[in-house]
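1. Predicted model and sequence follow; I will ask about them next.
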Amino acid sequence: MSPKRITVSTIGIIPGMKKFLETSNAHLAVSLHSPFDEERKQLMPIQTAYPVQKVLDEIKSWEFGRQRRVSFEYIMFGGLNDTPAHAKELARILNGIKCRINLIRFHPIPDTPLKSSNEETLQSFKDLLNSKGILTTIRASRGQDIYAACGLLSTKALVKKEEEPDY
């Protein structure tokens with residue numbers, strides 16, 4: 001399969017990301033989920049070791065031409081990271097990086113208070129980023145009905161385990 005048809009996702013472990021960029025021609029996707037350091041640290045503890053600004057600085061040091069692209073994955077959590085302030089800060093920190101942002105609906109999982117943003121909020125967030133010149137799409141959600149959507153495969157195992165009786 002052509003590397004131009006492959007996208008590898010990372011949470012931003014810089015040494016691994018750098019090695020991937022040096023040795024591959026595949027596309028890169030970086031999980032971001034918040035443009036604010038402390039909030040991102042709560043969502044993604046890797047922020048402590050590899051702060052988002054250092055990840056972005058590394059990405060800025062690479063040439064992404066027409067044959068290779070970088071995108072950012074952004075799970076939309078209702079009332080947490082889906083405000084206009086988040087979109088504006090996201091546009092600010094990504095300034096100078098030719099990229100795409102994929103907005104992802106959060107799929108509810110057991111024992112978490114997190115919820116997904118509503119459709120109106122998703123669309124407003126997307127429109128604000130597009131107006132700032134950042135190509136932004138809302139990723140189609142598939143497979144939720146069979147627990148195969150993003151993040152749900154492991155959840156199904158947890159739910160099944162909780163339902164099994166203790167003998």
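-> That came in fine, so what should we check first? This one's a predicted model, so the numbers in the text were calculated from it and none came from an experiment.
2. so Ile134 sits right up against Cys99, yeah?
-> Yes - the pair Ile134 / Cys99 is scored as a contact, 6.9 Å apart, by C-beta atoms under 8 Å. C-beta here means a position set from N, CA and C on the backbone, and glycine is covered the same way.
3. which residues of the protein fall in strands?
-> For the chain, the strands defined by DSSP state E occupy 7-10, 27-31, 70-76, 99-105, 135-138.
4. other SSEs contacting the fourth one?
-> By that I understand strand 99-105. Applying 3 or more C-beta pairs under 8 Å, 6 or more residues apart in numbering; DSSP states H and E, one finds that strand 99-105 contacts strand 70-76, helix 119-131, strand 135-138.
5. Tabulate the ones you listed (TSV), appending mean neighbour count, mean pLDDT and distance to Ile46.
-> Formatted as TSV, the helices and strands packed on strand 99-105 follow (neighbours: other C-beta atoms under 10 Å; pLDDT from 0 to 100; distance: least, C-beta to C-beta, whole Å):
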stretch	mean neighbour count	mean pLDDT	distance to Ile46
strand 70-76	22	97	14
helix 119-131	16	98	23
strand 135-138	17	97	23
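6. if I pick Gly78, what's in contact with it?
-> Applying C-beta atoms under 8 Å, 6 or more residues apart in numbering to Gly78 gives the contacts 106, 114-118, 121.
7. if I look at it, how far off is Thr121?
-> 7 Å (C-beta to C-beta, to the nearest Å).
8. Who is the residue nearest the centre of the chain paired with across the strands?
-> By C-alpha atoms, centre = their mean, the chain has its centre lying nearest to Glu73, at 2.2 Å. Beta-bridge partners for Glu73, by DSSP bridges, are Ser31, Asn102.
9. My guess is it contacts Ala29. True?
-> Yes - in this structure Glu73 lies within contact range of Ala29 using C-beta under 8 Å: 5.5 Å.
10. what is in contact with these two at once?
-> 9, 102.
11. quick one on the thing from earlier: reformat the helices and strands packed on strand 99-105 as a markdown table; add distance to Arg5.
-> Converted to a markdown table, those look like this (distance: least, C-beta to C-beta, whole Å):
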| stretch | distance to Arg5 |
| --- | --- |
| strand 70-76 | 14 |
| helix 119-131 | 25 |
| strand 135-138 | 18 |
